[in-house]
Structures are given as C-alpha cells and as structure tokens.
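Asks: Okay, here's the prediction I keep looking at, along with the sequence it came from:
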Amino acid sequence: MLEKGMMTTKAITVIDYIVQRIADEGVEHCFGVPGDYAFPVGDAVDRNPNIKWIGCSNELNASYAADGYARTRGAAMLSTTYAVGELSAINGVMGAKAERSLVFHVVGMPSYQNQRLRKTMHHTLGDGIFDKFIDISAQAACSHAVINPDNCMIEMERVIAEARRNSQPAYIVVPSDYAQAPVTPTEVRPLTLKSNEASLKKAVAAIAERIKNAKSIVALPAFTLSRVGLRKEAREAIEALGCPFATTSMEKSIIDESHPQFVGMYSGALSTKETREIVEGAELVIDIGGVSFNDETTMGFSTRLDPARFISIGLNDVRVGEQIFGNVRLADTLAALAKLKSVAPRYKRKPEDNPSINGKPSDKITMDALYPRYAKFIRSGDNVVLESGSSSFGVPPLTLPDDVQVHIQMLWGSIGWATGATFGIALADPKRKTILITGEGSHQLTANEIGNMGRYSANPIILCLNNDGYMVERALEPNPDWSYNDLAKWRYADVPHALGCTDWFTARVETLGELDAALKAARESKSGAYIEVIGGRMDMPKGLAFAHTRLKELYGEAI
C-alpha cells in the first residue's frame, strides 16, 4: 500500500489508492450497496485490511448510516453504483451537506472505453451521454472529481482538503476500467489547512475590542463544533470568558448541561424566562461555529435577536459587524478566544431538575410521563439519536446526564434518517450504547436496516412510538385527520425477529408499568433491544403543540 503523502513507484491501482487514502482519514467502515460498475470499489474495500465493507438494505439507508458515522468519526465512506445507486443515495448525502457531515461518496461508473464509444448501457438514459448524473450528485458535495490514473493522486488531495475545510461531502467518481489501472506516480502531500496569520490577527483584535466594551455577553456554540472535533476548545473559550452559554435543539448536550455557565436551551418563545432574557438581552452574542436559526430551532421564528449584536465565528471566516475576515480557521480563533478576558460579570447557574416521574403503573402512556422517563433512562456515555418528528421536540427540553452525545437532523429534517444514522453511529462508536428514539411513521421508511444492525452486531436500543400515524404531520397542519397521515398498522415489536435479530429483547408496551419494566430489560440486554411504545393519537410534546399554533409563521399566509 502507498504510504500516505509520499511518491510511489509501486504498481497500485487507482481504486486501491482511493480506498486507502480515505482510510488514512480515519474511516474504518464503508457503507454501501454493490453494483456492477462499482465492483472495483467493493473489491478494493474487501482486500484492504484497514476498512470493512458494511452492506446496507438500500442506498438511501447507506447514506444515512454514513452521515451518522461521519458525525461520530469525523468522516465516512459511502459506495454506490452509477446513476441508479447514487441517485437513490443523494437525499442522504445532501442532508450530510446541509448539516456538515463529511461523507466520501465513491461512485463506480461505466468504463471510459464504453463512454468514448457512446454505447447504450444499462443504468443510463440510452443516449450515449454519461456525465449528466455527475452534475446532479456533485450538487450534494462541496468538492468532486472524476478520477483517472493521471490525476488520481492530485485530485484526491484536493477533494479531501476541500471536504475537510467545509466539513461536507466529497463526490468521487471513477470509470470501472480506470479504477483497475495503475495509478500514475505523483509526488503529493496532504494539504494542511491553516489560517492566514494577518487575517487571524485582525479578526482576533476586532473580537477583543467588542468583548472589551460589552457589559453582557452570551455564547451560542454551534452543532458544527461536534463535526470538526472542537467541543473541548469551545468549552475552554467559553470558560475563559466566564459568560453564559445556551444551545438550540441542534446543539443538544454539545457541552455538558451540568456546566455552571449553561443557561438552558434557547428556542425563542418556548425558552425559559431566564434563558430568553439572557440571550436576547445580551449586548454581545458570540456565535461559535455557525448556529442555524431555522424555523424549527426558533419555534416558528419566535426569536428576538439583533444581528448587530453578533460576532459570528465560522469554520473558515469571522464576521464582526460589517467586517469579514476570511481564511481564518475555527480552531485558531477558538485558541485566541480562550486567551481573552471579559469585563462582564462571570455567570454561574445551577441546572434545573427534570419534571418528576409521574403516573401509576396501570396508567396509559402519555407524553408528559414518557419523556421524563426517557431522560432518566439515558445514561452518561450514551449516544442518543432523535428522529425528525415528535422526539426532536420531546427530548431536547429535558436535562441529560454529562457525556451524552445527541444526534438530531433538525435542519434537513428527512424522516427515516435516524434509523439509518443509528446504524452508522453504533458502528462508529461501539463503546457507547446507542439509543434511537423515533416515531413509527419515520421508522417505516428505513426499518429494514434493523436486519443489518443485527448482522453487524450494532446492538442499539430502539424506542419506537406508535401513535397511529404521522404525529408531526398531524401537528403541523390545521386538520390532523387527512387520510394521508394514516399508516399501515405494523406489528413493530415483531420486526427485529422477522429481520433476523432473533436474540434481541423486544416488547410492546401500553402502560407505564410495562414501559418501566421494558426499559429495565432493554438496558440489561446483551444484544439489541426494541420497544414499541403505544401513545395517544393526538398526544404530543409541548414543543410540537406550540408549533401547531405557529402555522402562519412557519408556512406563511394562505394566498
């Protein structure tokens, strides 16, 4: 194999070089679905001792799994075949782009020979044109390359560096005959991303000036910090400033919620009075990483934030008022921020307790009783994956233990994402127990991936809320009873065993007593666990009920 960053005289194939170079980035698993144009990719993964093939039920699931893996490991690999495979995966890859997950999407395409001859091949439109899908898939990436033996080594360094710079997907497509050809030896070295020193110095001086003159400061650490591995550095900067910090639902638990400077979750009108006053009343708001103030994190745009009060520290630039300082890396800015002092009073707060566990064992399950139980069930060291639905409104307001990693797709919001992402997260971080909290509507889209969770011993705990239809859709429209919000009535607790997970613990629970017993058994299970939780048809978490009152703000006035 090629030594990373060095010129080679050995006869290594193009695809072997690509796979090893991705493995060099810390990727140990490749998610995908085989296809004939992509056979060279699968072959190269299989013979490479540093990366393992993980077969998925379909390409969309594979892209979700790769997204989850990248959130945990910092990068992931996805393999699909030309056209039919890559287009099936594109929704998941586009979600990774929106939410800053670095997925290396490697696509095998028809041979260069057949392209030049304009042959009518399967997986094409039959017109002899082979590059039109490249234009589509490239839109889901921040960088892309069509690889041949001569450009392979140079192009791989370019797309990797750009993907790292933006923490977004890279699309790498290679014709099947070129994939198996020897790579042309070229002297290359991995590009090191550094700040422009002059620009960094000016940015830090501008930030320091604003901090010096601010009598009150609040920090908003962004979800991107977890993607690029800078949680610790952000916490140290916030501690140095002594200011309070808040998070939106996208940053749930990005810094431990027991931290004395944590002021709570900021969600516009649904924030606590103290949280809202601190965030919206601060003279200076430091956005660390690029917070997404979207319709869901702001609870229907119910925030009151003055952009003039913001300092925005992005992955690659800093904005202070109308000044933009480019080519400034987030890690360098955080290191400088940790050396600054603020005249504003240091903040210290004791976190509020969660609502008490209520209800008798014989009571039916309500959302008011369910989510506090989930918060108590979650332990330090868990991975928690929340589906884009009622769970993404029910869990975030509750305080979770320290060292819990929460994964949520609040911006892209593709239902079904969480089941696939759970698979990738569990494989990426096997020392932690991964817990999926989902509704049955989203779950139906991707539940077939449970079979591969058992196949590869991912062993998550899945908590599936069955409330007779698409709860989040019922909540987000005036009339909840349209027939299109109904679902096929699956026997969810039977699904794992039907898909081959015969040693999993499974249960269907309707009362609080049954739920408590099942949660205890799920935690004790040596393999995976699956609990079907029966809830009320229109019983929803407080945040989702509030969203129902903000439909005009969410969608605009009817024409």
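Replies: Received the coordinates, thanks. Numbers count the residues shown, from 1 in each chain.

Asks: Mind listing what's buried along stretch 500-507?
Replies: By 16 or more other C-beta atoms under 10 Å, the buried positions in stretch 500-507 come out as 501, 504, 505, 506, 507. No exception for glycine: its C-beta is placed from N, CA and C like everyone else's.

Asks: The first one and residue 525 touch, don't they?
Replies: No - using C-beta atoms under 8 Å, residue 501 makes no contact with residue 525, being 10.9 Å away.

Asks: Tell me how many other residues crowd residue 46.
Replies: 12 (other C-beta atoms under 10 Å).

Asks: per-residue confidence averaged over the helix or strand harbouring it?
Replies: Following DSSP states H and E, one finds residue 46 within helix 39-47. If you average the pLDDT over helix 39-47, you get 97.

Asks: The helix or strand just after it - contacts with which helices or strands?
Replies: Sequence-wise, the next helix or strand downstream of helix 39-47 (DSSP H and E) is strand 52-55. Packing partners of strand 52-55 (3 or more C-beta pairs under 8 Å, 6 or more residues apart in numbering; DSSP states H and E): strand 29-32, helix 39-47.

Asks: what's the most buried one of those?
Replies: For the helices and strands packed on strand 52-55, the largest average neighbour count (mean count of other C-beta atoms under 10 Å) is found in strand 29-32, namely a mean of 27.

Asks: How about residues contacting that one?
Replies: With C-beta atoms under 8 Å, 6 or more residues apart in numbering as the test, strand 29-32 has contacts from 19, 38, 41-42, 45, 51-56, 59, 62-63, 65-66, 69, 76-80, 424, 427-428.

Asks: swap in stretch 498-510?
Replies: For stretch 498-510, the external contacting residues (C-beta under 8 Å, 6+ apart) are 364-365, 448, 450-451, 453-455, 491-494, 496-497, 514-515, 517-518, 521-522, 525-534.

Asks: same deal with stretch 128-135?
Replies: 82-83, 86-87, 109-110, 115, 118-120, 124-125, 144, 146, 171, 173.

Asks: what's the offset of it from the middle of its chain?
Replies: 29 Å (C-alpha atoms, centre = their mean, to the nearest Å).

Asks: Then stretch 274-283?
Replies: How far stretch 274-283 lies from its chain's middle: 28 Å, per C-alpha atoms, centre = their mean.

Asks: got the CA positions of it in PDB?
Replies: Output of stretch 274-283 as PDB, limited to C-alpha atoms (Å, rounded to 0.1, in the frame of the first residue of the first chain):
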ATOM      1  CA  GLU A 274     -34.200  33.500  32.300                       C
ATOM      2  CA  THR A 275     -32.800  31.900  29.200                       C
ATOM      3  CA  ARG A 276     -34.600  34.200  26.800                       C
ATOM      4  CA  GLU A 277     -33.700  37.300  28.800                       C
ATOM      5  CA  ILE A 278     -30.000  36.400  28.900                       C
ATOM      6  CA  VAL A 279     -29.800  35.500  25.200                       C
ATOM      7  CA  GLU A 280     -31.900  38.300  23.700                       C
ATOM      8  CA  GLY A 281     -30.800  40.900  26.200                       C
ATOM      9  CA  ALA A 282     -27.000  40.400  25.900                       C
ATOM     10  CA  GLU A 283     -25.000  43.300  24.400                       C
END
